[in-house]
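1. sequence and predicted structure below; questions after.
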Amino acid sequence: DAGVIQSPRHEVTEMGQEVTLRCKPISGHNSLFWYRQTMMRGLELLIYFNNNVPIDDSGMPEDRFSAKMPNASFSTLKIQPSEPRDSAVYFCASRPTGENTEAFFGQGTRLTVV
Amino acid sequence: AQTVTQSQPEMSVQEAETVTLSCTYDTSENNYYLFWYKQPPSRQMILVIRQEAYKQQNATENRFSVNFQKAAKSFSLKISDSQLGDTAMYFCACSIQGAQKLVFGQGTRLTINP
């Protein structure tokens, strides 16, 4: 397996524009996570899915953020409209069933909103 | 819900020295799992070590070991004979039994100096 695949690797956009980040998890993994990494807050969990169903979105900062998982092999994180404070590295991770299992991360998307 | 706290934003040691990174967590659950992940400059997240809360014996992986103090809710990482390649961000994480949710701390930036 190629691992968790995220696209794009880098995104620069203007304030107010819509941004869509994409993720393909590892085949067979039941859980998918979206994290945001900043210097101040470290790795914040935004939302996670089990078997394509959103389980906990309490970390989503505000209504401008939305995430979907239409099938087991694809997820998106959308920010509309984007703001400069959304600039961060966004990671997608997937994990097989089991609380002691390793989570596998993608390479992340570095988002810059100017 | 679980929370994870890493109180050391940065640390720096000389090559070959031993270094300990601190982590505390909070959960009302009795069964849970703890992890340390490493993030080198490449941004890739790598699992270093994991510990099951029901096991009293501290986990060890080569030069990496943990000091798990369940009553104090403390989970520190010890790196022995540190190497230049250990330079990275280190994240502590917690996952409770019965849930796939994986929560991370703020991270500690570790620099190994030659």
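-> Perfect, I can see it now. In this text, all values refer to a predicted model and were calculated from it rather than measured experimentally. Residues are numbered from 1 along each chain as shown, chains lettered A, B, ... in the order given.
2. element containing the residue sitting nearest the centre point of chain A, please.
-> Centroid-nearest residue in chain A, with CA atoms, centre = their mean: residue A:34, separated by 3.1 Å. Using DSSP states H and E, residue A:34 maps to strand A:31-38.
3. I figured the residue nearest to the centre of chain A hits residue A:43, correct?
-> No. Counting by CB atoms under 8 Å, residue A:34 stays clear of residue A:43, with 10.8 Å between them. No exception for glycine: its C-beta is placed from N, CA and C like everyone else's.
4. would you mind grabbing the residues shared as contacts by those two?
-> Among the neighbours of residue A:34, those also in contact with residue A:43 (CB atoms under 8 Å, 6 or more residues apart in numbering or on different chains) are residue A:91.
5. what about residue B:44, how many residues close to it?
-> Close neighbours of residue B:44, defined as other CB atoms under 10 Å in any protein chain shown, add up to 15.
6. for the closest residue to chain A within chain B, give me its contacts.
-> Nearest residue of chain B to chain A: residue B:106, at 3.4 Å (CB to the nearest CB). Residue B:106 is in contact with A:41, A:42, A:43, B:5, B:6, B:9, counting by CB under 8 Å, 6+ apart.
7. correct me if wrong: the fifth one contacts residue B:22.
-> Yes. In this structure residue B:6 lies within contact range of residue B:22 using CB under 8 Å: 6.6 Å.
8. and for the two, which residues touch both?
-> Common neighbours of residue B:6 and residue B:22 (CB under 8 Å, 6+ apart) are residue B:108.
9. one step back: from residue A:92, how far off is the residue nearest to the centre of chain A?
-> 6 Å (CB to CB, to the nearest Å).
10. common neighbours of the two, please.
-> Shared contacts of residue A:34 and residue A:92 (CB under 8 Å, 6+ apart): A:23, A:75, A:77.
11. where in chain A is pLDDT low?
-> Chain A contains residues with pLDDT under 70 at A:1.
12. interface residues of it facing chain B?
-> Neighbours of chain B within chain A, by CB under 8 Å from any CB of the partner chain: A:30-31, A:33, A:35, A:41-45, A:48, A:50, A:55-56, A:89, A:91, A:93, A:95, A:97, A:99-100, A:102-103, A:105, A:107-108.
13. now, of the residues you listed, which are buried?
-> By neighbour count, with 16 or more other CB atoms under 10 Å in any protein chain shown, the residues of chain A next to chain B hold A:30-31, A:33, A:35, A:42-45, A:48, A:50, A:56, A:89, A:91, A:93, A:95, A:99, A:102-103, A:105, A:107-108 as buried.
14. which residue ranges form the strands in chain A?
-> Ranges of strands in chain A, per DSSP state E, are A:5-7, A:10-13, A:19-24, A:31-38, A:42-50, A:53-56, A:65-71, A:74-79, A:88-95, A:104-105, A:109-113.
15. chain neighbours aside, what residue packs nearest to the spatially most central residue of chain B?
-> The centroid of chain B falls nearest to residue B:36 when counting by CA atoms, centre = their mean (3.4 Å). Sequence neighbours aside, residue B:48 is the residue nearest to residue B:36 in space, at 4.4 Å (criterion: CB to CB, 6 or more residues apart in numbering or on different chains).
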